[in-house]
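> Can you look at this prediction? I've put the sequence above it.
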Amino acid sequence: MKSSLQSIADCFKRPWYIFFLAASVMTATTVAGQSKLIPVTTSANALVLQVDSAKDVSIIYFGSKLADTAEYRLLSGSYRQTEDYTNVLNSAYTSSGSRNLMEPAISVEHSDGNHSLDLRYVSHAIRPTDANVTEYIVVLKDPVYDFEVELHYKTYYLQDVIEQWSVVRHHEKGNVVLYKYASANLYLKSTAFYLNQYHGDWAKEMQPEESRITHGIKTLDSKLGTRADLFQPPVFMVSLGKPATEEEGTVLFGALEYSGNFRTDLELDFQDNLRIISGMNNYASPYTLEADHDFTTPGFLYVLSRQGKGHASRQLHAWARQYKLLDGNGQRLTLLNNWEATYFDFNETKLKELLKDTRKLGVDLFLLDDGWFANKYPRNGDRSGLGDWQVNKTKLPNGISTLVKEAEKNKVKFGIWVEPEMVSPKSELYETHPEWIVKQPGRPEHYFRHQLVLDLANPAVQDFVFGVIDTLFTANPGLAYIKWDCNAVIYNAYSSYLKSQGQFYIKYVEGLYNVLARIRKKYPEVPMMLCSGGGGRVDYAALQFFTEYWPSDNTDPLERIFMQWEYSYFYPAIASANHVTDWGKQPIKYRVDVAMMGKLGFDIVVKNLPPADLGFCQQAIRDYNSVKDLVWAGDQYRLSQPRESAVASMLYVSADKAAAVVFSYLVNNRYAQGSLLPIRMQGLDPKAKYRITELSIYPGTQSPIDPSKEYSGEFLMTIGFNPAISTSRTSVVLKVDKLR
Ligand code: DGJ
């Protein structure tokens, strides 16, 4: 075995044993006369598919990987649950209209009007891309209709992450209408299931809620079209047995990689097993599929951890940085944004001052926000101008290029805000291209933030949106950053371009991805912030085109601790754009310290800062620059939970355990609250010795931390360390360094 695998491994320049794993899977599936098993494996887990004599493909196991693959054959005898009646209760992709009695993953109307579908195994293939990534493809086909589905499971071995999607196609005589088309269909067994879901609104993103899943279907979904996550993001956790904690318990993290309408059904069936079906929302979207065309669903992403939520999130972060987030292992720019400093009220003189302030503060880039464009209907407020992306001549008579040059003179970079998917009813674009706008003929327009959405299903609109960005870069080659906003949801969904309105929501998102892919092809490296009136569009499909996301317009640091905390389960800190603003009542140090837990930025009037505050910010930025690599690339450990304690504490440690940074914040201002007990660190080397220094110190204050004291990693992780948080010392940043 080893020698033949060695040659494959050599081709990929990876150890032979990785390929042994893939090969052993194939061996296990070919035992003559028995049902086939297809274990989809990662380093810790196995999702075991079984093909029985009737060629039904079912999920017989999802959990800890067994050392002996053959033992998965013993699984079926180990469960004594009630009668299934259908043989498809645990289907790997549940069809409808034949034997199934539960929520389907797919439902269709064939070209002859028949609604039945029964998918049976045809073949499967296992394709390693490299030592870490393998794609398992299972082909299913209806024995009666010429209709097939491919199930794709892309595994990331070391990260325990699986991305699953489906490809639907048919060769029938006419069109087939797809009524439901999930990406994935999972099936879990346990004594109980607990769902941790999120809800929100503007300035209230990522509010968690945990509850025991009861029988029936719980649906998490969005029907908003754009800004799709405004009320609910496409991420969730399911704990098995009992609610998982940070360090303990079995928990599945799930996320649909999609920026439009999504739908995840969690169905506790009559046998007490959990079926999870996730994909694009089929709401108002019967999709007409022509013969011989592929319909590919977005990916559903999941990671299963048996060591609690912390481990699941670290696995997901590692995966995201390496495989999904744009430039996930790269660098980021600190910045000064003018949105809250000026809103729409600025001109060239003011901006030139702000460019000087950017330099004075010590950040890398100045970001010009909303209000720089439109002439006939100037963008002096949020009721006009969207769509007219020509520089406003009154505010900026010398154009953007002068500002870019001025930025260069100040040795800072220049970035700009756009919202190219949108149009104001008061705009020239609205007047010249009414056919480009999403609205119902014959119905009154209904606005969200006084604006409408452009029809990205239309290729001409895609060209226009691409052109907005392309023109900016062509005219200003020095442009170094884009903030891409999207403030409206879709009302009155209708495309005057599309023949079949059932395709609208799907074609919109496809159009958006086309544009983003074109931008990335031409401008592969420029950092872009994904913003949607706050965190209205944070998902892993969009993040392949963006370097960072804007979690919320709510920058009150106390609120941000809670929000950033929840986002951080799913997205790595390098992607979280955290700005210091005037929201909240906390001192500047607290605001800066909270924003440091990610990608630091400012949105304040620098010239209004008292000298001590300015001096503090300048030093804090230098301190941040000295630890930012730990925050961006380190392993993240949540040491003390803000919802359970008066102190929130987060640690980021380098892979070699040589350095860590710990952020601690008081989140409960009641009498005598603080870090009464030491906070146990994690992720350090127990045998190594460390020293602890305080960073981000406000001028004139003394740190009680003695930087000359030495602690073993064991001590810091067993007893802990007290950051001395109190009502008069509400945030503390500590650097932990291993002694050489
Ligand atoms: C909403 C964003 O979330 C804000 O940061 C800001 O860019 C405004 N839009 C501008 O209109």
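Perfect, thanks for sending it.
> just the strands in the stretch 251-400 of the chain please.
262-268, 274-280, 287-289, 295-296, 300-305, 335-337, 365-368 (DSSP state E, counting those that start in this stretch).
> Residue 408 contacts residue 480, doesn't it?
No. Counting by Cβ atoms under 8 Å, residue 408 sits too far from residue 480 to count as a contact (10.0 Å). Glycine gets a C-beta too; all of them are placed from N, C-alpha and C.
> Of those two, which one has the most company?
residue 480 (21 against 13; other Cβ atoms under 10 Å).
> Mind pulling up the pLDDT for that one?
Here, the pLDDT recorded for residue 480 equals 98.
> One more: residue 76?
Looking at residue 76, the pLDDT reads 83.
> That one: how many residues sit nearby?
13.
> hang on, the earlier thing: any idea which of the strands of the stretch 251-400 of the chain gets closest to the ligand?
The ligand lies closest, by Cβ to the nearest ligand atom, to one member of these: strand 335-337, at 7.5 Å.
> Identify the residues contacting the residue of the chain found nearest the ligand.
Residue of the chain nearest the ligand, by Cβ to the nearest ligand atom: residue 370 (3.5 Å). For residue 370, the contact set (Cβ atoms under 8 Å, 6 or more residues apart in numbering) comprises 339, 343, 344, 379, 382, 417, 419, 485.
> Just the buried residues out of those, in PyMOL syntax.
Applying 16 or more other Cβ atoms under 10 Å to the contacts of residue 370, the buried members can be selected in PyMOL as follows:
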select buried, resi 339+344+379+382+417+419+485
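> Now narrow the contacts of residue 370 to whatever sits close to the ligand.
339, 417, 485 (Cβ under 6 Å from any ligand atom).
> Backbone dihedrals for residue 651, both of them.
With angles defined as degrees, to the nearest 10, residue 651 sits at phi -120, psi 140.
> Hmm, residue 664 and it touching each other?
No. Applying Cβ under 8 Å as the test, residue 651 and residue 664 come out as separate, 9.4 Å apart.
> Skip the chain neighbours and tell me the closest residue to residue 621.
Leaving out its chain neighbours, the residue that sits closest to residue 621 by Cβ to Cβ, 6 or more residues apart in numbering is residue 362, at 4.5 Å.
> Quick check: that neighbour vs residue 424, distance?
37 Å (Cβ to Cβ, to the nearest Å).
> So for those two, which sits in the more crowded spot?
residue 424 (25 against 18).
> Excluding sequence neighbours, find me the nearest residue to the more buried one.
In space, residue 424 is closest to residue 386, 4.1 Å off (Cβ to Cβ, 6+ apart).
> Surely that neighbour and residue 451 touch.
Yes. Assessed by Cβ under 8 Å, residue 386 is found in contact with residue 451 at 5.5 Å.
> neighbour count winner among those two?
residue 386 (32 against 24).
> Check the more buried one and give its pLDDT.
For residue 386, the predicted pLDDT is 99.
> Could you do residue 31 as well?
For residue 31, pLDDT reads 48.
> Just to confirm, what's the three-state secondary structure of residue 168?
strand (DSSP: H, G, I helix; E, B strand; the rest coil).
> Could you report the neighbour count for it?
21.
> ok, for it, nearest residue in space, not its chain neighbours?
Using Cβ to Cβ, 6+ apart, the closest residue to residue 168 is residue 295 (4.3 Å).
> show me the contacts for the residue nearest to residue 443 when sequence neighbours are not counted.
Leaving aside its sequence neighbours, residue 443 sits nearest to residue 492 (Cβ to Cβ, 6+ apart; 5.8 Å). Residues near residue 492 by Cβ under 8 Å, 6+ apart: 438, 439, 440, 443, 445, 446.
> Looking at neighbours, which among these is most surrounded?
residue 438 (26 neighbours).
> and that one, what does it touch?
452, 453, 454, 455, 490, 492, 493, 494, 495, 508.
> Please produce CSV containing these, extended by distance to residue 151.
Compiled in CSV, the contacts of residue 438 are given as follows (distance: Cβ to Cβ, whole Å):
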residue, distance to residue 151
452, 39
453, 33
454, 35
455, 33
490, 30
492, 36
493, 30
494, 34
495, 31
508, 26
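> Show me just the buried residues among those.
452, 453, 454, 455, 490, 493, 494, 495, 508.
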